[in-house]
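> here are the coordinates; sequence isn't available:
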C-alpha cells in the first residue's frame, strides 16, 4: 500500500501538470483528485501493517511507522489539493491554477 500511495501521488502530480499545460480540464482534474483521495482514504483505514512504533517515554507518544506515515501524508496532501481544486472551480480562489 505505501508503494501504491506513492504511485497515486505521481499520477496526481501528472494530472496537475497536464491541467496546467492546458491539455486537461479543471473539472476533470477535480474528479480525478477526488477519486485519488477516496482511494487513499480506503488505504488509511484498510492498512493491515503495524501503524505505530515503540512508545517514546521522553515525549509520551507513539510515532507512526514509515509505511503508514507515507500513506497518511499522501492522503493529507491529496485532500488539500482536492480542496484547492474546489476553491478554483467555485471561483473563491484561483491560486493553484495560475
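The structure has been received and is ready for your questions. All of these numbers come straight from a predicted model, not from anything done at the bench.
> Just the buried residues of the helix or strand hosting residue 18, please?
Residue 18 is part of helix 2-21 when elements are defined by DSSP states H and E. By 16 or more other Cβ atoms under 10 Å, the buried positions in helix 2-21 come out as 2, 5, 8, 9, 12, 15, 16, 19. In short, each C-beta sits where N, CA and C put it, glycine included.
> Just want the angle from the next helix or strand after it to helix 2-21.
Counting by DSSP H and E, the next helix or strand C-terminal to helix 2-21 is helix 26-46. Orientation of helix 26-46 against helix 2-21 (axes from the mean of the first three to the mean of the last three Cα atoms, to 10 degrees) gives an angle of 170 degrees.
> Check what contacts helix 26-46 and list those residues.
Residues from elsewhere that reach helix 26-46 (Cβ atoms under 8 Å, 6 or more residues apart in numbering): 1, 4-5, 8, 11-12, 15-16, 18-19, 71-72, 74-75, 78-79, 81-82, 85-86, 88-89, 97.
> Please apply the same query to stretch 81-98.
12, 16, 19, 20, 26, 27, 29, 30, 33, 34, 36, 37.
> Can you name the two of those residues that sit furthest apart?
Farthest apart among the contacts of stretch 81-98 by Cβ to Cβ are 20 and 37. That separation is 19.2 Å.
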